[in-house]
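Engineer: below are the sequence and a predicted model; questions follow.
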Protein chains: 2
Amino acid sequence: MTLVNASSRRKELIRIAARLFVVEGFDRTTVRMMAKDMGIKSGSLFHHFRDKQEILCAVIEEGMHNALALANHALSEAHDTPRGRLDAMVRAHLETLLTDRNAHVVALYEWRRLDDESRSHLVHLRDAYEALWKEVIEDASEAGLVYGDPLSARRFVLGALNWTVRWYDPEGPRSPESLAQELVTMITHSPASPA
Amino acid sequence: MTLVNASSRRKELIRIAARLFVVEGFDRTTVRMMAKDMGIKSGSLFHHFRDKQEILCAVIEEGMHNALALANHALSEAHDTPRGRLDAMVRAHLETLLTDRNAHVVALYEWRRLDDESRSHLVHLRDAYEALWKEVIEDASEAGLVYGDPLSARRFVLGALNWTVRWYDPEGPRSPESLAQELVTMITHSPASPA
DNA sequence: AATTAACACTAGCGCTTGCTTGGTTAGCCC
DNA sequence: GGGCTAACCAAGCAAGCGCTAGTGTTAATT
């Protein structure tokens, strides 16, 4: 029970830190701010984390871990066609971007604030995630769904997707699924695949 | 002469600050760092700028101003067809992203660090730039070059373009023109327009 | 009843931060 | 050559920073 509680408590603290990192940025977020939002004193924070850097790393790791899990799940349930897997990946990416929004915004904006140690640790998670995309885009390319160099296509698509955090309003009328469909339609020049 | 020199001196200082903001981030860049790179003492910095915020604002303003000028010029010289203007805008955007790379990276990453005053000042420049894109994308959409909702398409395209600062290597073998062509090809499903 | 471990608190150290102040220098104009 | 101004410097202030040391407090385990 101790371990389970410690773990869920830790996740809660990470969630709180993530929100602050988004609003204030990593550098402007002080340990005193975080402690206040967590309901403890600033000194107590260092019982849970070695230093401020470790909190940043934990926030990003959490987000990437979830993204990887969601993408794998989406692929396993997707129609086993190039188009089906492409749809699934785009949808999964947008869903993660929303459900773990804070963590991903931090990953996108504060990546440079990581020290070398944390970065090399996290880069493996990112590579694993990109490997999934690599295969899906290459299959789509071979099937004639995507024009041009698959590597460039992957980067363009991921760029378009990640950019959505800057303008997409989750409270608005448009669902992430419809947004995903729109992107795939724009790229493939053909409407969504039949169910 | 005094005015001209003062102005060019100021631009030089802004350029130096921009480079530091990219390498270190705005918050981690201290006034002492900037002063050192500029060859003056930290106190002297406040003879040129009211405060640190003003430097950030100046960096971003400079980049946006150039982007707007380049885009307008590109459109004026472009083939007067939907495809020609689309090509021109994509190419111009990538070119600006490279020639004023530091300023644009700062604009993309440090936008949130602006205070309300600076932000509302800069937002007009951004709106003017986006208005150019709006027209170009809508024309391309009507001409059947781009599929789906023009507003979404614009956001996807700008996302894909802006994301290039994260992976494109200006020293590498690929030219920005070829990259521009590749993106347009991917979206329109047809090779570059004839000269 | 004694021990342990997890968690929190108080207090503050050593350092850096953005910015101010008061004064100096060099070039320009009438 | 006296007055003006832009540009710079030396010195330092007040505030805030990340982090540490030492000390309870609580609850489960022995």
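Structural biologist: Perfect, I can see it now.

Engineer: hey, let's count contacts and neighbours off CA atoms from now on
Structural biologist: OK.

Engineer: and the one residue sitting closest to the centre of chain A, what helix or strand is that in?
Structural biologist: Here the mean C-alpha position of chain A is nearest to the C-alpha of A:His104 (C-alpha atoms, centre = their mean), at a distance of 4.3 Å. Element membership of A:His104 [criterion: DSSP states H and E] is helix A:101-109.

Engineer: tell me what whichever helix or strand comes after that helix is packed against?
Structural biologist: Toward the C-terminus, helix A:101-109 is succeeded by helix A:116-142 as the next helix or strand (DSSP H and E). For helix A:116-142, the helices and strands in contact under the criterion 3 or more C-alpha pairs under 8 Å, 6 or more residues apart in numbering or on different chains; DSSP states H and E are helix A:52-77, helix A:82-99, helix A:150-163.

Engineer: would you turn those into a markdown table with mean neighbour count?
Structural biologist: Output for the helices and strands packed on helix A:116-142, formatted as a markdown table (neighbours: other C-alpha atoms under 10 Å in any protein chain shown):
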| stretch | mean neighbour count |
| --- | --- |
| helix A:52-77 | 18 |
| helix A:82-99 | 21 |
| helix A:150-163 | 20 |
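
Engineer: in JSON lines, list those along with distance to DNA strand D and mean pLDDT.
Structural biologist: Shown next, in JSON lines, are the helices and strands packed on helix A:116-142 (distance: least, C-alpha to the nearest atom of the strand, whole Å; pLDDT from 0 to 100):
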{"stretch": "helix A:52-77", "distance to DNA strand D": "4", "mean pLDDT": "97"}
{"stretch": "helix A:82-99", "distance to DNA strand D": "26", "mean pLDDT": "96"}
{"stretch": "helix A:150-163", "distance to DNA strand D": "27", "mean pLDDT": "97"}
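
Engineer: what's the closest of the ones you listed to B:Lys52?
Structural biologist: Across the helices and strands packed on helix A:116-142, the minimum distance to B:Lys52, taken as C-alpha to C-alpha, is reached by helix A:52-77, at 24.7 Å.

Engineer: touching, the residue nearest to the centre of chain A and A:Leu97? I think so.
Structural biologist: Yes. In this structure A:His104 lies within contact range of A:Leu97 using C-alpha atoms under 8 Å: 6.3 Å.

Engineer: hmm, back to that, now the helix holding A:His104: buried residues?
Structural biologist: Residues of helix A:101-109 classed as buried: A:101-107, A:109 (neighbour count, 16 or more other C-alpha atoms under 10 Å in any protein chain shown).

Engineer: cool, stretch A:125-133 as well?
Structural biologist: Under the neighbour-count criterion of 16+ other C-alpha under 10 Å, stretch A:125-133 has A:125, A:129-130, A:133 buried.

Engineer: from those residues, which is closest to DNA strand D?
Structural biologist: The closest of the buried residues of stretch A:125-133 to DNA strand D turns out to be A:Leu125 (C-alpha to the nearest atom of the strand; 24.1 Å).

Engineer: that closest one reaches A:Met64, doesn't it?
Structural biologist: Yes. The pair formed by A:Leu125 and A:Met64 meets the contact definition of C-alpha under 8 Å, at 6.7 Å.

Engineer: tell me the first helix or strand C-terminal of the worst-scoring helix or strand of chain A on mean pLDDT.
Structural biologist: Ranked by mean pLDDT, DSSP states H and E, the weakest helix or strand in chain A is helix A:2-24, scoring a mean of 82. With elements assigned by DSSP H and E, the helix or strand that comes after helix A:2-24 is helix A:31-38.

Engineer: need the residues of chain A near DNA strand D, please.
Structural biologist: Residues of chain A lying close to DNA strand D (C-alpha under 7 Å from any atom of the strand) are A:27-32, A:42-44, A:46, A:50-53.

Engineer: residues near the closest residue to A:Val90 other than its chain neighbours, how many?
Structural biologist: Of all residues not flanking A:Val90 in the chain, A:Ala180 sits nearest, at 5.7 Å (C-alpha to C-alpha, 6 or more residues apart in numbering or on different chains). Per other C-alpha atoms under 10 Å in any protein chain shown, the neighbour tally for A:Ala180 reads 22.
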